[in-house]
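Chemist: pasted the sequence and its predicted model underneath.
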Amino acid sequence: MRFEITIPCHNEAHRLDAGFAKLAAWLEAHPDFARDASIAIADNGSSDGTLEIAQRLAKTAPVPCRVRHLDAAGLALALRDAWDSSEADIVGYCDTDMATDLDHLLDVAKAFAAPAVLAVNGSRWLPRSVVSARPPLRRLLSWGLRVGVRLLSGIRATDIACGFKFFRRAWFAEVSPTLFSQQFFLGGELLFLAQRRTGGVVEIPLRWTDRPGSRVGLSRAILSYWHGIRHLHKHR
């Protein structure tokens with residue numbers, strides 16, 4: 001199976017170098033995985049030099065690396081553009097800071113060995129997950145979002161907000177024309193669609209380390225999730 005790891009970026013010039021170096025080092029240390037892997041850096045609406053950094057990094061990557069650019073900002077827009085144009089069998093994304101232990105990429109590959117699996121979702125809320133201490137307010141809001149999503153949307157996944165999700169690209173191509181998400185809710189929308197099929201979603205526990213420096217506003221992200229839940233409830 002060919003894997004493509006997408007790094008979505010919106011004004012990430014302050015940490016793209018470090019995150020990319022961590023991913024590159026992991027790939028170099030795991031040649032069996034890297035042999036069938038590629039990277040896509042999906043810049044969307046950056047104004048801080050992220051695109052130029054991405055173009056420089058792509059030239060030194062240990063695996064094939066392409067850069068996609070959109071003038072408009074939007075996590076879902078960036079991911080959909082990267083995945084619609086991908087030729088990999090499995091597509092997914094990691095947050096720029098690589099907060100998730102990259103050894104879990106091996107767990108993702110193992111899960112997709114089962115033909116029925118359409119989505120692999122990394123979760124910080126499973127019993128075996130190991131998560132570093134987060135600021136109390138951030139943890140409380142994350143918990144509240146998780147509970148609200150499960151109660152109101154019908155999504156059974158335990159962590160739609162975690163930036164470590166992978167999907168079978170052929171299936172993604174089938175559902176892509178029907179997707180409505182433009183910002184943070186894309187993972188939840190895809191997990192909702194995948195769970196309709198028996199065995200469609202596999203969740204894996206994560207080793208996850210909170211890394212300061214995110215410029216995603218919590219209020220903006222939560223509002224995006226609630227808009228997504230309302231749309232899902234109304235139209236699905």
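Modeler: Everything's here; your move.
Chemist: wait, what's in contact with the residue lying closest to A73 once chain neighbours are set aside?
Modeler: With C-beta to C-beta, 6 or more residues apart in numbering as the criterion, A73 has its nearest non-adjacent residue at 3.1 Å, and that residue is G45. Backbone N, C-alpha and C define where each C-beta goes, glycine included. Contacts of G45 were listed using C-beta atoms under 8 Å, 6 or more residues apart in numbering, and they are 10, 70-74.
Chemist: report pLDDT for G45.
Modeler: Turning to G45, the model gives it a pLDDT of 95.
Chemist: and the contacts of G45, which two are furthest apart?
Modeler: Of all pairs drawn from the contacts of G45, the one with the longest distance (C-beta to C-beta) is H10 and D71, at 11.7 Å.
Chemist: let me see the ranges of the strands in the protein.
Modeler: Here the chain has its strands, by DSSP state E, at 3-9, 37-44, 65-70, 90-94, 119-123, 130-131, 164-168, 201-205, 207-208.
Chemist: I'd like the ones you listed laid out as JSON lines, including distance to G228.
Modeler: What follows is the strands of the chain, written out as JSON lines (distance: least, C-beta to C-beta, whole Å):
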{"stretch": "strand 3-9", "distance to G228": "17"}
{"stretch": "strand 37-44", "distance to G228": "18"}
{"stretch": "strand 65-70", "distance to G228": "20"}
{"stretch": "strand 90-94", "distance to G228": "17"}
{"stretch": "strand 119-123", "distance to G228": "16"}
{"stretch": "strand 130-131", "distance to G228": "24"}
{"stretch": "strand 164-168", "distance to G228": "15"}
{"stretch": "strand 201-205", "distance to G228": "17"}
{"stretch": "strand 207-208", "distance to G228": "22"}
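Chemist: turn these into TSV, including mean neighbour count and distance to L145.
Modeler: Output for those, formatted as TSV (neighbours: other C-beta atoms under 10 Å; distance: least, C-beta to C-beta, whole Å):
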stretch	mean neighbour count	distance to L145
strand 3-9	25	19
strand 37-44	24	22
strand 65-70	19	26
strand 90-94	25	19
strand 119-123	25	13
strand 130-131	14	15
strand 164-168	25	16
strand 201-205	20	17
strand 207-208	20	16
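Chemist: just for the chain, where's the confidence low?
Modeler: Counting by pLDDT under 70, the chain contains low-confidence ranges at 134-141, 144, 146, 151-152, 212-220, 234-236.
Chemist: ranges for the helices of this protein?
Modeler: Per DSSP state H, the chain carries helices over the ranges 16-29, 31-34, 50-58, 75-84, 104-111, 136-152, 169-175, 186-194, 218-235.
Chemist: now the longest one against helix 186-194, angle please.
Modeler: Using axes from the mean of the first three to the mean of the last three C-alpha atoms, to 10 degrees, the inter-axis angle of helix 218-235 relative to helix 186-194 is 30 degrees.
Chemist: show residues contacting helix 218-235.
Modeler: Everything outside helix 218-235 that qualifies as a contact, by C-beta under 8 Å, 6+ apart, is 138, 141, 145, 148-149, 152-155, 160-161, 180-181, 183-185, 188-189, 192.
Chemist: one step back: which one of the strands of the chain lies nearest to A58?
Modeler: Nearest to A58 among the strands of the chain is strand 65-70 (4.1 Å), distances taken as C-beta to C-beta.
Chemist: what about dumping the CA coordinates of that closest one to PDB?
Modeler: What follows is strand 65-70 as a C-alpha-only set of coordinates in PDB (Å, rounded to 0.1, in the frame of the first residue of the first chain):
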ATOM      1  CA  CYS A  65       7.200  15.300  -1.400                       C
ATOM      2  CA  ARG A  66       4.800  17.700  -3.200                       C
ATOM      3  CA  VAL A  67       3.500  21.100  -2.100                       C
ATOM      4  CA  ARG A  68      -0.100  22.100  -2.700                       C
ATOM      5  CA  HIS A  69      -1.200  25.700  -2.200                       C
ATOM      6  CA  LEU A  70      -4.600  27.400  -1.800                       C
END
